[in-house]
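**Student:** My questions are about this predicted structure, shown below with the sequence.
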Amino acid sequence: MHLDGKIPGGPLPQKWERRKLDYALVSPANRRKYTVLVVGTGLAGASAAATLGELGYRVECVFFHDSPRRAHSIAAQGGINAAKNYQNDGDSVQRLFQDTIKGGDYRAREGNVYRLAEVSLRIIDQCVAQGVPFAREYGGKLANRSFGGAQVSRTFYARGQTGQQLLLGAYQSLLRQVQAGTVRLSPRTEMLDLVVAHGRARGIVARDLVTGEIRTFVADAVVLATGGYGNAYFLSTYARNSNATAIWRAHRRGAYFANPCFTQIHPTCIPVSGEHQSKLTLMSESLRNDGRIWVPLRAGDKRSPEQIPEAERDYYLERRYPSYGNLSPRDVASRAAKAVCDEGRGVGPSGLGVYLDFADAIRRLGADVITERYGNLFDMYAEITGEDPYRAPMRIYPAIHYTMGGLWVDYDLMSTIDGLFVVGEANFSDHGANRLGASALMQGLADGYFIVPLAVGSYLARAKPPAIDGAHPAFEEARKDTAARIERLLLVRGKRTAASFHRELGRLLWDTCGMSRNRKGLERALTQIPELREKFYRELLVPGQGESLNRELETAGRVADYFELGELTCRDALHREESCGGHFREEYQTPDGEALRDDEHFAYVAAWQWREGEPPILHKEPLVFEAAPPMQRSYK
Amino acid sequence: MRLALEVWRQRSPETPGRFVRYETTEASPDMSLLELLDVVNEGLVRKGEEPIAFDSDCREGICGTCGFMVNGLAHGPLQGAAACQVYLRNFRDGETLWIEPFRAKAFPLLKDLVLNRSALDRIIAAGGYVTVNTGNAPEANTSTIRKDCAEQAMDAAACIACGACVAACPNASAALFTGAKITHLGNLPEGQPERGRRALRMVRAAAAEGFGHCTFAGECETACPKSIPLQVITQMNHDYLAARLSGEGRAQPRHIEPGTPKRHR
Amino acid sequence: MAATVKLAATSVAKKALMAASGVVLTAYVVLHLAGNLLYFAGPEALDAYSALLHENPALLWSARTVLFASFCIHVVVALDLSMRRQVARPISYGRYERAASSLGARTMLWTGLVLLGFVIYHVLHLTLGLFHPAYSPGRVYSNVSVAFSSIVPTVIYVVSMIALGMHVSHGALAMTQSLGLTLQRDRLRVLRRLAAVLALVVAVSLAAIPITALALSLLRGR
């Protein structure tokens, strides 16, 4: 099958305008005849559901949390980018576009990224109008900061809780539609399968997490906004319940999965403290503005940090990347941390950590200034580790944080299944091989407020999906499949918890397909994952029944899907014989250890098609760069 | 560390619940309270018993999913922390921890420590928003907001809707929660047109959900993991009473019955 | 009238009623205290003050009506709200700790009930002269001196004034907030202290009268 991104013709700045004109419209009176199903209520899902409701469609909103406001977008700290150029520092839509394309290491579509930069302007307008309390200057105007190594100040923020405030804005709009009767919420309901009838996505099968009832939802179009799949790695900065089941089930029903190996590792997380640990906590990247990162010069140096004299410290980021230094992009900083730890120079009890030292900054600016800038982060660190970062340097280590890969979508955010739209982190579209800081919130809201509502409308107007009901054989089949999968998990009655398998799979993925990858490791993973999966179906233990609230059953179902997803991730990483962004293959690096991209052979989107019992088929969507010709990313 | 847990176990809303004691020696000071429950649960599962059901998600104190009473205090002993942010180093070796769900009529219990807190969503749905459709916004920097107003709005907007304020309140009042949203939006120019209507509708919604009244004892502020100030309640009272006394929402288009003769003075 | 019914429906409105009646009652307590302090100025002053109050019966009775109405609203709404506590939390906690409440806040209902009993007793005792060995209308000073020459009424009054102090310490603060007096954090702290000072002044001064009377009578008796 030929993969068509359906990018409109014409010069970049006119593409989105043209496409909006091409879109067919549904008249206001006819909109309420269509049901749109939105799965997930993070930034992308809540904004899409609210906007579709405002337009007058009937919206069914399904999510596994107890309230739409719990989705993990809430945890984003840093901010949201927009090319407003309020600071008069030379920012523009074109520049945000270029930065994002370059930051993504030339593995994203120009058309999509340009549209993202364009729409960013209206996102801020929308959020301010909703009452999002962005930071202000004394004059009452919006404040900005520079973020994630950007050379302009284009990040809007609400203290360290930008994601929370943006999500609450979308959530409030969503609940306004609930009150107005256009949106119906189904909380604590987890999507377990997609229903495809006559080649179109027509609904989902979901489990009521309280009663265990298997329910079907019928719709004329389905929007998946279910987030990324980073929890496959077990330890990550994702929320505990974030999972890949919705997108994985859609993939198995025919939606191609694009670039699964593009995973992002965030450099400033609090290191693992023990076996019991349930998740990793991210600390805002802004810490790198004033903190200096170092490890001992000598491997195996077990002295405490204050006993190590200046001359015996290696400020490796400053040494290797003199122009960006401690502010090098996430992928670069993470890899450098892994490299020094691999050399045996890591710090802390596990040896997996590097120092982030504020001693110089405190000397230069005074403790008060540091408290003002980072007080809450310092408190958070002290709370979790029990150590005082004002006295001893913090210890940090990279952790899985975001997945750039996801379901393949065209310019209209529609997957390879007609009528199945995918928005936010769940799709692969805009970040290429590496996402820049403060861009995830921008993409989620661009998709949800401004893009998908128009695209869905046009799809409905053109396709005019015929009426269907839950008794259709496709629904019956999906319901039976789902019930059988649940039954299978409950009936193993072995002796190991789902979490113990998850931990094992996660460690394997982290070791072989984490910050750096090589052929040998990936091949090992590809043999070990199927073995582990078999063991899972032999030794799993899920207590209780399916007909009640059963957290172990929920976890087991998610872990079952991680095996297959993990395998695909490794397969993708193995096939991509180059290094780019978050994907670093040890075989493909420059003599001084930098990522070596291969634009001649790998400037494409790798979209994988699922086949039952057989290896997946790879489809390639070539990437063409006209406005932003590829360059070597250098931060030296 | 050795810790004992007395955990409220209740199979379903209909069946009676009780405290069940669990002894654990696997606790370590670097473990969070929720991780301790994870460890206890893994042990229970291995024995084929049903694990303790509790809600949690982000585990960094921002999503508001987790929360229960620990030794009679909502979210445990620390100021400004949700249950997921409480580490065991804050307890004494050998201590017994009493873990009990948040209790309020408006928060029906589903299982063990898991509650239905949709009542809070319904309070927001009643009026906790600015009515503005997507696309209907002016350029962002046309409105000017005094920095301290923006800061106060943000203080209130930090609410995570965990329900600890209700749980800690002797009257199970949702005044801090409701007041927080009213104060957040009421401090911003965008929130002004609906200010009175919002206060009326949200306060009525909270009453309809069965939350109690506020006696200004201050338990909510202390329990709140975001330390939302008590003043938001005063703001709510102020906006509600002002709207009530000014006859907010009573203005109707003047209707004249067809055929009514002119009135001669 | 429909509006009033609706107004009374939410707890915010009920608390506003509590607060408004609380303002009247607090103002009355302060005025009453100011008048009563004339006790220390001697019999002539106190009896003259009493005569002054009775000079204009219309004024007296309208004041009494407002006071009585406020009192009734305060008591009825308080009982209504306190019964709703149970409704809002039908299952009580196994363990429950009040970390932030002041002593006054914790005991509001109990001190309120004590005061309800006290007010009834006080009116019967010193306004109508029941349970009083030698009541004589208009001769306030002597009525007070006789009334507190025995231990039991003195103890009842002193205990009640302690209850009044506790009640006012929280009530004087809470009523401003129930009426929506928005204040910055530091101002609120000042108000909290002012309420405590007011409570202390009221309780100490009002308790001082029966204690003094008892002491004088004991001295005289010796």
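**Tutor:** Nice, I can see it.
**Student:** Pull out the buried residues from stretch A:132-150.
**Tutor:** By neighbour count, with 16 or more other C-beta atoms under 10 Å in any protein chain shown as the criterion, the buried positions of stretch A:132-150 are A:132-136, A:141-150. The way it works is simple: take the backbone N, C-alpha and C, and place the C-beta from them, glycine included.
**Student:** Now residue B:197: which helix or strand?
**Tutor:** Secondary structure here is read from DSSP states H and E; on that basis residue B:197 sits in helix B:195-208.
**Student:** in chain C, which spans are helices?
**Tutor:** For chain C, helices defined by DSSP state H occupy the ranges C:2-7, C:11-36, C:43-55, C:57-88, C:103-106, C:108-122, C:140-147, C:151-178, C:185-221.
**Student:** Now do the shortest one: which elements does it pack against?
**Tutor:** Applying 3 or more C-beta pairs under 8 Å, 6 or more residues apart in numbering or on different chains; DSSP states H and E, one finds that helix C:103-106 contacts helix C:151-178.
**Student:** Isn't residue B:242 up against residue C:179?
**Tutor:** No - Residue B:242 is beyond contact range of residue C:179, at 10.7 Å (criterion: C-beta atoms under 8 Å).
**Student:** closest point of the stretch 301-450 of chain A to chain B, which residue?
**Tutor:** Residue nearest to chain B within the stretch 301-450 of chain A (C-beta to the nearest C-beta): residue A:449, separated by 4.8 Å.
**Student:** how much space between that residue and chain C?
**Tutor:** Using C-beta to the nearest C-beta, to the nearest Å, we find residue A:449 at a distance of 34 Å from chain C.
**Student:** returning to that earlier point: which of the buried residues of stretch A:132-150 are close to chain B?
**Tutor:** A:133, A:134, A:135, A:136, A:141, A:142 (C-beta under 8 Å from any C-beta of the partner chain).
**Student:** one step back: between the buried residues of stretch A:132-150, which is closest to residue C:9?
**Tutor:** Ranking the buried residues of stretch A:132-150 by separation from residue C:9, with C-beta to C-beta as the measure, puts residue A:133 on top at 31.7 Å.
**Student:** For the closest one, give me its contacts.
**Tutor:** Taking C-beta atoms under 8 Å, 6 or more residues apart in numbering or on different chains as the criterion, residue A:133 is in contact with A:158, A:165, B:150, B:153, B:154, B:157, B:184, B:188.
**Student:** Pick the most buried one from the helices of chain C.
**Tutor:** The highest mean neighbour count among those belongs to helix C:151-178 (a mean of 21), with neighbours defined as mean count of other C-beta atoms under 10 Å in any protein chain shown.
**Student:** what helices or strands is that one leaning on?
**Tutor:** Using 3+ C-beta pairs under 8 Å, 6+ apart, the elements in contact with helix C:151-178 are helix B:231-245, helix C:11-36, helix C:103-106, helix C:108-122, helix C:185-221.
**Student:** from the middle of its chain, how far away would the longest one be?
**Tutor:** For helix C:185-221, the gap between its own C-alpha mean and the chain's C-alpha mean amounts to 12 Å (C-alpha atoms, centre = their mean, to the nearest Å).
**Student:** next one: the shortest one
**Tutor:** From the chain centre to the centre of helix C:103-106 is a distance of 15 Å (C-alpha atoms, centre = their mean).
**Student:** So which residues make contact with it?
**Tutor:** Contacting residues not belonging to helix C:103-106 are listed as B:215-218, C:98, C:111, C:166-171, C:174, C:199 [C-beta under 8 Å, 6+ apart].
**Student:** and residue A:388, that's in a strand?
**Tutor:** No - for residue A:388, which was evaluated using DSSP: H, G, I helix; E, B strand; the rest coil, the result is coil, with no strand membership.
**Student:** if we can go back for a sec, any idea how many residues pack against the residue of the stretch 301-450 of chain A closest to chain B?
**Tutor:** Residue crowding around residue A:449 was assessed by other C-beta atoms under 10 Å in any protein chain shown; the count is 26.
**Student:** ok, now residue B:254?
**Tutor:** Number of residues near residue B:254 (other C-beta under 10 Å) recorded here: 5.
**Student:** so it sits in a helix?
**Tutor:** No - inclusion of residue B:254 in a helix is not indicated when three-state DSSP is applied; the result is coil.
**Student:** how close does it get to residue B:264?
**Tutor:** Applying C-beta to C-beta, to the nearest Å, the value for residue B:254 to residue B:264 is 19 Å.
**Student:** Next: residue A:529.
**Tutor:** As defined by C-beta to C-beta, residue A:529 lies at a distance of 92 Å from residue B:264.
**Student:** Please identify which of the two sits among more neighbours.
**Tutor:** Of the pair residue A:529 and residue B:264, residue A:529 is the one with more neighbours under other C-beta under 10 Å, namely 25 against 4.
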